[in-house]
Structures are given as C-alpha cells and as structure tokens.
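*Asks:* What would the 3D arrangement of this be:
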Amino acid sequence: MNTSSKQSPNINPHVSVDCVIFGFDDDKLKVLLIEQAHPNKETHRLALPGDLVFENEGLDEAAARVLNELTRLKGIFLRQFHAFGNPDRVSNDKDKEWLETYRTDPNARVITIAYFSLVKMEEYNPGTGSFAAASNWVDIHDVPELAFDHNQILDKALEALREEINHNRIGLDLLPKKFTLSQLQRLYEVILDRPLDKRNFRKSIKKMHHIKALDERQTGVNHKPAQLYKFVQVKKIALNFSLLHLFQE
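*Replies:* Now for the predicted structure:
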C-alpha cells in the first residue's frame, strides 16, 4: 500500500492481520512496533504491524506479506493465536482520522486475525516501508497506548506466548545449541516475567526428557565453568506438560 494513495481494489476491507513479534536479547523481552505515518501530523501513533488482507491470499500468506511490507522482516515463523472482532475496535478519534487517510471505507468493520512470534533480536534488523514511518523494538514494560485495540492484542499475545512456552518448546531455539541451566532459567524468567526458584527449577529440569546433560562444561569464562545441556527430539506427548506447574513449589 502506497502512503500517498488509498488502498488497492483487491483488498478485502473487512479482514486484516496483525503481527506481534516478540524479541529476546538474553535479558529483556521486547515487542516490535511501528510508527504510523500520517501526512498531516508531526507525531505518529505506535501500533503493531498489521494491515488488510488481499482477496486472493491466505491468512498466513497475508501475515508474512504485511510484516515484510511494514518492517522489511522476512522468514519469521508466525503462529496464529486469536481473532478480534469487537464492533468498537475503532473508537479513538485519532484512529478514525488515520483510517480516513489510508482506507477507502474507513468506517468498515474489520475483523483481525492475530499472529505472534518470538525471535532473537540480534538476527533481525527491522526497517520501514508502506505506511510505517519507523519500526523499533520496545520493552514490553514500556509500551504506551497503542493504536486501535493493539494493547489488548499485545496482552493476549503475551498470554499465548507464556502458555506455549509452558507446554511446548517454543522459544527454546533462542538459546545456543549447548547451554547452561542458568541461561535456560533466565529465558523462562524473562518470558514469564517473574523469578523462578533456582533449586526447584533444576529439580524440574531433571524430569524433562527433551533436555539432556552433556559431559561438557563452559570454556572461556571468568567463573567456575557450568555444565552444558542440549535439547533432544522426543515424542510430542512427552513435551505436553506444564513447565509452570513443575516450577511451582
């Protein structure tokens, strides 16, 4: 979509996709936000990357396209997690004004399908495109009021992310192939946004069939080298348990 013109006639005005891209940098959890370009304003509202769907594309295809158009990011695995269709999704006057600039039918009711992903920030350098004036990683604790209902979408995405990491191995690929238990614990603490008891965490790790202790230790560190671990492939049923339950005292 060109920022100087209205939307393409091939666009479905009632269906959109929004992408919640979480970034992990070994210490903090961040989310990728865009600044909505507005030709008549010096300041721009922050929003999740998202846009309407073409009539001739699937939802997954649309999510990948929109993310690339707005942030220049490609090849990110996106997981669909929720649909948002409240009739009052657009209630803020600033949102209505922005829609009048970029949408042929700014008053059309839009149902959005939301996707999320978790990536290593160091591997992705977002850019800008389409109607995004800029794109930046923002700490999830510092997210301001976003456009439309995007704060609600972000909150729901956080719930989905935490549920997934409790039951599956999503996010575990963010660690090195060989990692320490301290690194693993920090990953869960950042995503769950709470401290975990070290002793209980390590007791829980011993119950996990997909985490294997190696006869290797760290090298090149200024402290006592810690034992290294790795993930191994096991049957899916063995992974289907709540890590959060195991970490509770």
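
*Asks:* and the gap between the closest residue to residue 233 other than its chain neighbours and residue 183?
*Replies:* Of all residues not flanking residue 233 in the chain, residue 210 sits nearest, at 7.4 Å (CB to CB, 6 or more residues apart in numbering). (Each C-beta comes from the backbone N, C-alpha and C, glycine too.) To residue 183, residue 210 is 16 Å away according to CB to CB, to the nearest Å.

*Asks:* repeat for residue 121
*Replies:* 16 Å.

*Asks:* And residue 93, by the same measure?
*Replies:* 47 Å.

*Asks:* hey, which strand is longest across the protein?
*Replies:* strand 11-24 (DSSP state E).

*Asks:* And the helices in the chain?
*Replies:* Counting by DSSP state H, the segments of the chain that form helices are 59-71, 93-102, 150-167, 181-192, 198-205, 236-239, 243-247.

*Asks:* tell me the contacts of the residue nearest to residue 153 when sequence neighbours are not counted?
*Replies:* Sequence neighbours aside, residue 114 is the residue nearest to residue 153 in space, at 5.2 Å (criterion: CB to CB, 6+ apart). With contact set as CB atoms under 8 Å, 6 or more residues apart in numbering, residue 114 has these partners: 17-20, 80-84, 153, 156-157.

*Asks:* mind checking the backbone torsions on residue 147?
*Replies:* Per-residue torsions, residue 147: phi -70, psi 150 (degrees, to the nearest 10).

*Asks:* Run a quick neighbour tally on it.
*Replies:* Around residue 147 there are 22 other residues, counting by other CB atoms under 10 Å.

*Asks:* Pull the contacting residues for the nearest residue to residue 47 once chain neighbours are set aside.
*Replies:* Take residue 47 and drop its neighbours on the chain: the residue closest to it by CB to CB, 6+ apart is residue 147, 3.9 Å away. Residues in contact with residue 147 (CB under 8 Å, 6+ apart) are 36, 45-47, 92, 94-95, 98.

*Asks:* buried ones in stretch 190-205?
*Replies:* Using 16 or more other CB atoms under 10 Å as the test for burial, stretch 190-205 gives 190-192, 196, 201, 204-205.

*Asks:* Next: stretch 17-31.
*Replies:* By 16+ other CB under 10 Å, the buried positions in stretch 17-31 come out as 17-24, 29-31.

*Asks:* Check stretch 149-157 too.
*Replies:* Under the neighbour-count criterion of 16+ other CB under 10 Å, stretch 149-157 has 149-150, 153-154, 156-157 buried.

*Asks:* And stretch 74-90, by the same measure?
*Replies:* 76, 78-79, 81-82, 84, 89-90.

*Asks:* Can you list the neighbours in contact with it?
*Replies:* Taking CB under 8 Å, 6+ apart as the rule, stretch 74-90 contacts 18-19, 21, 59-60, 63-64, 67-68, 96, 99, 109-117, 119, 124, 148-149, 152-153, 156-157, 160, 164, 170.

*Asks:* Please repeat the previous calculation with a cut-off of 6 Å.
*Replies:* By CB atoms under 6 Å, 6 or more residues apart in numbering, the residues outside stretch 74-90 that reach it are 63, 68, 111-117, 148-149, 156, 160.

*Asks:* can you pick the most crowded of these?
*Replies:* Result: residue 115 is most packed of these (other CB under 10 Å), 29 neighbours.

*Asks:* Test for you: state the pLDDT assigned to the residue nearest to that residue when sequence neighbours are not counted.
*Replies:* Closest residue in space to residue 115, ignoring its immediate chain neighbours: residue 78 at 4.0 Å, by CB to CB, 6+ apart. Listed pLDDT for residue 78 reads 94.

*Asks:* Go through the helices of the chain and name the closest to residue 138.
*Replies:* For residue 138, the closest of those is helix 150-167, at 10.1 Å, according to CB to CB.

*Asks:* could you check the angle helix 93-102 makes with that closest one?
*Replies:* Orientation check (axes from the mean of the first three to the mean of the last three CA atoms, to 10 degrees): helix 150-167 against helix 93-102 gives 100 degrees.
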